[in-house]
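**Student:** Give me a 3D structure for the following:
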Amino acid sequence: MPTPSSSSEPGRLGDPDSTLATDPRSDPRMLAAMAPFRLGERTSPPRVSPEDPLEARLAFSRRAESRLESLFDALLAQLPPVTGVVRSTRVIPGPQGGEIVLSQHRPAEASGPLPGILHVHGGGMVMLSGGNSVYTRWRDELAAAGLVVVGVGFRNAADETGHHPFPAGLDDVAAAAHWVSAHRAELGISSLVLQGDSGGANLALAACIRAGREGARVVDGVYASVPYISGLYEWLGEDNPAELPSLTENDGYFMSNALNSILRDLYDPGRANRHNPPAWPYFATVSDLRGLPPHAISVNELDPCRDEGLAYARTLREAGVTVVERTVAGVCHFGDGLFRAALPDVYAQSVAHVRDFAHSL
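**Tutor:** Here you go, the predicted structure:
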């Protein structure tokens with residue numbers, strides 16, 4: 001069991017040597033699932049820095065992606081498949097003459113239009129794919145809960161085809177949102193929610209901001225899980241902004257600011273868009289958000305990104321946007337989605353929260 005810190009400050013604010021394994025807030029079931037992979041320990045510094053050549057940073061990202069997707073497979077290996085779901089794939093036109101792959105998941109016994117989810121996978125807008133085991137299962141579980149789910153395959157900033165920084169991924173997600181919204185009847189969708197975690201939450205929020213600026217009402221709601229939206233991930237902890245204490249409090253808990261700074265600079269080279277809301281929604285103003293559809297913001301207690309999500313919810317409320325807000329206790333960044341086997345109740349609650357939000361619109 002974790003040993004409580006003697007300080008009144010949580011996490012690494014009170015004890016710079018704190019880890020998930022020693023933090024008394026950590027769910028012990030999560031720690032048990034992490035133990036074979038040593039994930040409860042402080043994350044190691046990346047083997048590259050923001051100053052290294054682009055090719056070295058792209059190669060690092062691809063290696064990290066491979067390791068993460070192997071981890072995802074291992075975490076879900078013993079689970080039975082989700083039943084009662086029909087999957088299909090289609091290709092739609094993308095920006096600049098490209099193509100976008102959509103992965104559709106729907107209840108096998110569906111009759112009549114159902115609430116729809118346009119799902120945007122995580123990975124810091126830089127890595128991972130919607131076709132890995134964790135995200136495929138997530139879409140299956142949402143479909144089994146009575147939703148029509150469409151996963152969008154967008155261009156990562158680092159993938160096998162090269163470097164695609166901002167706004168390539170956002171362009172793809174925005175195009176997919178317009179297409180799915182226009183084809184609701186064909187897809188059997190009633191209301192439509194943009195839903196994503198981490199970098200996917202960034203793209204979902206940013207696509208909604210862009211649509212608002214264009215005067216378009218493309219989706220009926222946005223559900224952002226553990227949003228990665230500030231870009232304020234400095235290599236050294238002492239450089240983290242004071243207004244986001246979770247960046248220090250939970251640094252190195254499954255993810256680190258050092259890693260995030262590498263991903264950030266691949267997505268936004270030279271930090272040219274550091275205060276641009278479509279790149280980093282944390283910087284959206286009340287005027288950027290006024291008139292947007294309802295949002296749900298879900299953050300995790302032991303996540304470095306926790307406070308930027310909470311800050312975004314506050315700005316939404318100041319703009320008069322309806323906001324549903326929740327904090328998942330005892331888990332790391334996207335821990336409620338990763339640890340399906342170890343935390344079935346937590347996972348089920350997150351699925352139900354998305355479902356209920358979609359049905360409320």
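**Student:** Only C-alpha atoms from now on, for both contacts and neighbour counts.
**Tutor:** Noted.
**Student:** can I assume S181 is in contact with R217?
**Tutor:** No: S181 is beyond contact range of R217, at 9.5 Å (criterion: C-alpha atoms under 8 Å).
**Student:** Which of those two has more residues huddled nearby?
**Tutor:** Between S181 and R217, counting by other C-alpha atoms under 10 Å, S181 is the more crowded of the two (22 against 15).
**Student:** Surely that one is in a helix?
**Tutor:** Yes: counting by DSSP: H, G, I helix; E, B strand; the rest coil, S181 is part of a helix.
**Student:** burial count for the residue nearest to it when sequence neighbours are not counted?
**Tutor:** In space, and not counting its chain neighbours, S181 is closest to V218: 6.2 Å by C-alpha to C-alpha, 6 or more residues apart in numbering. Using other C-alpha under 10 Å, V218 has 21 neighbouring residues.
**Student:** same check, this time on R90
**Tutor:** 9.
**Student:** so which strand or helix has it?
**Tutor:** strand 85-93 (DSSP states H and E).
**Student:** And for the helix or strand following that strand, what's in contact with it?
**Tutor:** Using DSSP H and E, the next helix or strand after strand 85-93 towards the C-terminus is strand 99-107. Residues from elsewhere that reach strand 99-107 (C-alpha atoms under 8 Å, 6 or more residues apart in numbering): 84-94, 139-140, 143-154, 172, 176.
**Student:** Weed out the non-buried ones from those.
**Tutor:** The neighbour count (16 or more other C-alpha atoms under 10 Å) marks 85-87, 94, 139-140, 143-154, 172, 176 as buried among these.
**Student:** Show the backbone phi and psi for the closest residue to V354 other than its chain neighbours.
**Tutor:** Closest residue in space to V354, ignoring its immediate chain neighbours: Y223 at 7.1 Å, by C-alpha to C-alpha, 6+ apart. The phi/psi pair for Y223 (degrees, to the nearest 10) reads phi -120, psi 110.
**Student:** How are the strands of the stretch 151-300 of the chain distributed by residue range?
**Tutor:** Counting by DSSP state E, counting those that start in this stretch, the stretch 151-300 of the chain has strands at residues 158-159, 162-163, 189-197, 221-225, 295-300.
**Student:** Quick one: closest of the ones you listed to F72.
**Tutor:** strand 189-197 (15.1 Å; C-alpha to C-alpha).
**Student:** can you give me the angle that closest one makes with strand 295-300?
**Tutor:** Here strand 189-197 runs at an angle of 30 degrees relative to strand 295-300 (axes from the mean of the first three to the mean of the last three C-alpha atoms, to 10 degrees).
**Student:** And for the residue nearest to V354, the neighbour number?
**Tutor:** The number of residues packed near Y223 is 28, by other C-alpha under 10 Å.
**Student:** what does V101 give?
**Tutor:** Using other C-alpha under 10 Å: V101 sits among 18 other residues.
**Student:** quick one on the thing from earlier: most tightly surrounded among the strands of the stretch 151-300 of the chain?
**Tutor:** Among the strands of the stretch 151-300 of the chain, the stretch with the highest mean neighbour count (mean count of other C-alpha atoms under 10 Å) is strand 221-225, at a mean of 28.
**Student:** who's in contact with that strand?
**Tutor:** For strand 221-225, contacts defined as C-alpha under 8 Å, 6+ apart pick out 192-198, 200-202, 204-205, 208, 293-299, 334, 354, 358, 361.
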